[in-house]
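**Q** Have a look at this fold, sequence not included:
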């Protein structure tokens with residue numbers, strides 16, 4: 001199994017301070033080896049999507065939602081419709097990940113902010129596994145203003161709008177920017193991305209930045 005990792009430096013994950021954060025094995029990429037790594041690499045964010053969308057920032061934001069665990073994530077633009085499991089930290093300070101064999105499953109950091117609350121909520125999932133594309137394979141193709149919906153245990157739906165989609169090298173991952181505290185309900189969706197080599201696997205992460213725009 002190919003593994004991708006990123007070591008943090010005093011990051012804050014979901015507004016909870018920890019000594020180090022590591023995003024591990026979000027994409028295995030073994031399936032690439034049969035046909036050549038250049039053949040099936042997932043889409044990567046276009047430069048234009050990396051510029052934060054400030055449209056409508058002056059408008060009144062919706063009120064934060066009461067705490068309730070998320071149960072499902074939907075991203076219609078890239079045909080994501082997947083259940084969510086809770087993720088914890090491993091003893092080494094890593095953000096755990098969903099089982100690699102579960103292609104249509106994502107996870108959220110359950111000791112941090114719940115999606116819809118004030119703060120930064122974290123969702124992570126695999127880009128692929130040994131059989132092929134997984135839940136967030138097309139995350140890098142997402143565009144600004146795309147809609148992300150999270151069903152919550154209390155029956156409500158938190159609706160987020162994408163502000164930016166970026167790819168970061170593992171060696172230069174901006175911990176505070178991705179995981180830092182926020183004054184409004186925000187969401188980060190993370191998977192593996194960037195370059196790929198047989199020796200190291202994926203060399204970075206695709207990160208979607210979004211904020212709460214509605215609920216129902």
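**A** Structure's in. What do you need? It should be emphasised that the depicted structure is a prediction, and the values quoted were computed from it without experimental measurement.

**Q** just the strands in the chain please.
**A** Using DSSP state E, the strands of the chain run over 12-13, 16-17, 22-23, 70-75, 80-87, 94-95, 106-109, 119-125, 128-129, 132-133, 147-152, 157-169, 185-197, 201-215.

**Q** so which of those gets nearest residue 61?
**A** strand 201-215 (7.2 Å; C-beta to C-beta). In short, each C-beta sits where N, CA and C put it, glycine included.

**Q** What are the buried residues along that closest one?
**A** 201-213, 215 (16 or more other C-beta atoms under 10 Å).

**Q** helices or strands up against that strand?
**A** strand 157-169, strand 185-197 (3 or more C-beta pairs under 8 Å, 6 or more residues apart in numbering; DSSP states H and E).

**Q** Which of these has the highest mean neighbour count?
**A** Among the helices and strands packed on strand 201-215, the stretch with the highest mean neighbour count (mean count of other C-beta atoms under 10 Å) is strand 185-197, at a mean of 23.

**Q** Who are the packing partners of that one?
**A** Using 3+ C-beta pairs under 8 Å, 6+ apart, strand 185-197 is in contact with strand 119-125, strand 147-152, strand 157-169, helix 175-179, strand 201-215.

**Q** before we move on, the earlier item: kindly state which of the helices and strands packed on strand 201-215 is positioned closest to residue 118.
**A** Closest among the helices and strands packed on strand 201-215, using C-beta to C-beta: strand 185-197, at 5.7 Å.

**Q** chain center to that closest one, what's the gap?
**A** 5 Å (C-alpha atoms, centre = their mean, to the nearest Å).

**Q** Show me which of the buried residues of strand 201-215 is closest to residue 113.
**A** Proximity of the buried residues of strand 201-215 to residue 113 (C-beta to C-beta) peaks at residue 212, which lies at 11.1 Å.

**Q** that older thread, can I get the buried residues of strand 201-215 in TSV with distance to residue 163?
**A** As requested, those are exported to TSV (distance: C-beta to C-beta, whole Å):
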residue	distance to residue 163
201	28
202	23
203	24
204	19
205	17
206	14
207	11
208	9
209	5
210	6
211	6
212	11
213	10
215	18
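
**Q** wait, which of these is closest to residue 45?
**A** residue 206 (6.3 Å).

**Q** The closest one contacts residue 45, correct?
**A** Yes - between residue 206 and residue 45 there is a contact under C-beta atoms under 8 Å: 6.3 Å.

**Q** shared neighbours of those two, anything?
**A** 140, 165-167, 193 (C-beta atoms under 8 Å, 6 or more residues apart in numbering).

**Q** Going by distance to residue 128, which of those wins?
**A** Distance to residue 128, by C-beta to C-beta, is smallest for residue 193 among the shared contacts of residue 206 and residue 45, at 10.8 Å.

**Q** bridging residues for that closest one?
**A** With DSSP bridges as the criterion, residue 193 is bridged to residue 204.

**Q** which residues does it contact?
**A** Counted by C-beta under 8 Å, 6+ apart, residue 193 has contacts 27, 42, 44-45, 127, 139-140, 167, 202, 204-206.

**Q** could you dump these to JSON lines with pLDDT?
**A** Conversion of the contacts of residue 193 to JSON lines gives the following (pLDDT from 0 to 100):
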{"residue": "27", "pLDDT": "58"}
{"residue": "42", "pLDDT": "84"}
{"residue": "44", "pLDDT": "78"}
{"residue": "45", "pLDDT": "79"}
{"residue": "127", "pLDDT": "91"}
{"residue": "139", "pLDDT": "96"}
{"residue": "140", "pLDDT": "94"}
{"residue": "167", "pLDDT": "93"}
{"residue": "202", "pLDDT": "86"}
{"residue": "204", "pLDDT": "87"}
{"residue": "205", "pLDDT": "90"}
{"residue": "206", "pLDDT": "93"}
